[in-house]
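Asker: quick one, fold the following:
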Amino acid sequence: NENKTSNRRDTGSEDRSETDHHLVESVRGKMEKIMYSIIWALLLIFLALPLAWFIAWWWVLFIPFESLFPFVKQGTEFLEKIMCWPREVGRAMLKGETSFPSPM
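Answerer: Numbering: from 1, shown residues only. Presented below is the predicted three-dimensional model:
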């Protein structure tokens, strides 16, 4: 009888330790997402948004000349990708993604 009781205790402690391990991994994963969200928020505020504002002025300046000069269209398409980069950074921030939100 005592052996059955001790076996039940051992199985219970193994289940608990496995559950604790999954809980720790879950918390660690959530903390990692929060950390990356903070990093992407800082990137958004201090780099992506100011760069997009700066590029927007150049894009507006060059867009009327797209039909006159074909090479300008390639330049404005590139500028447009950089202008839309804050959208990608914001998406990565909200999802807590670990991969870098590339503008390209």
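Asker: I'd say Lys33 and Gly96 touch.
Answerer: Yes - contact criterion CB atoms under 8 Å: Lys33 and Gly96 qualify, at 2.9 Å. Every C-beta, even on glycine, is put in place using the N, C-alpha and C of the backbone.
Asker: the more surrounded of those two?
Answerer: Applying other CB atoms under 10 Å to Lys33 and Gly96 shows that Gly96 carries more neighbours, namely 18 against 14.
Asker: now for the more buried one: which residues touch it?
Answerer: The contact partners of Gly96, by CB atoms under 8 Å, 6 or more residues apart in numbering, come to 32-34, 36-37.
Asker: what's the burial count for Val24?
Answerer: 10.
Asker: please, which helix or strand holds it?
Answerer: Taking DSSP states H and E as the criterion, Val24 maps to helix 2-43.
Asker: distance from the helix or strand where Ala56 lies to the middle of the chain?
Answerer: In this structure, Ala56 sits in helix 49-62 according to DSSP H and E. Chain-centre distance of helix 49-62: 23 Å, with CA atoms, centre = their mean, to the nearest Å.
Asker: stretch 43-50 too?
Answerer: Stretch 43-50 has its C-alpha centroid displaced from the chain centroid by 14 Å (CA atoms, centre = their mean).
Asker: ok, the residue nearest the centre of the chain to Trp40 distance?
Answerer: With distances taken as CA atoms, centre = their mean, Ala92 lies nearest the centre of the chain, 2.6 Å away. Going from Ala92 to Trp40 by CB to CB, to the nearest Å gives 5 Å.
Asker: hang on, the earlier thing: what helix or strand is the residue nearest to the centre of the chain located in?
Answerer: In this assignment (DSSP H and E), Ala92 forms part of helix 85-95.
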